[in-house]
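J.: predicted coordinates and the sequence they were generated for:
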Amino acid sequence: MLKKRRLFVDADACPVKKEIEQVAAHYPVSLIFVASYSHYSIDSAPGWIYVDPDKEAADIYIVNHAEEGDIVVTQDMGLSSLLTHKHVYVLTPGGNLVKEKDMPNILHRRYMSYKQLAQGNRIKGPKPFSLKDRQRFCRSLENLLSQLS
């Protein structure tokens, strides 16, 4: 019997949770939202896993449970680097598929940004999340799920 592919969502700050539910409903995937207990809601649907409110608890849960061939939606590039190494598909909320070969450059840019912050310099933050970003994400998730089904 073939194991059902799982789609994990690093849910605490994910701006596309509704879109993920809508797209994933058309594919044979198990949807797992991982969030801190501080975001707990009595109205949570099945498929929500709550973890300690510690800073990296959701990331640790995802790293420990995601397996080769699973999909993770996250904007955390540190988490992405741990997952791409395990041959997990990583998709950002902006619709970018993160590849293992790109991780050294991504992590270097992240390091340089943190270094600038530590020196007291200001860095430009992300642009506001737009409707185009949501649409690009939906297309990317749809494409990925259709290729893997």
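T.: Structure received. Numbers count the residues shown, from 1 in each chain.

J.: contacts for stretch 101-110 next, please.
T.: Applying Cβ atoms under 8 Å, 6 or more residues apart in numbering, the external contacts of stretch 101-110 come out as 77, 78, 80, 81, 84, 85, 98. Every residue, glycine included, has its C-beta placed from N, CA and C.

J.: would it be right to say that residue 32 lies in a helix?
T.: No. Applying DSSP: H, G, I helix; E, B strand; the rest coil, one finds residue 32 to be strand, outside a helix.

J.: please name the residues that touch it.
T.: By Cβ under 8 Å, 6+ apart, the contact set of residue 32 is 6, 7, 8, 9, 47, 48, 49, 65.

J.: nearest residue to residue 97 other than its sequence neighbours?
T.: Nearest non-adjacent residue to residue 97, counting by Cβ to Cβ, 6 or more residues apart in numbering: residue 91, 5.7 Å away.

J.: what are the phi and psi values at the residue most central in space within the chain?
T.: Of all residues in the chain, the one closest to the mean position by Cα atoms, centre = their mean is residue 74, 1.7 Å from it. Dihedral angles phi and psi of residue 74 (degrees, to the nearest 10) take the values phi -160, psi 160.

J.: okay, it: pLDDT?
T.: If you check residue 74, the pLDDT there is 96.
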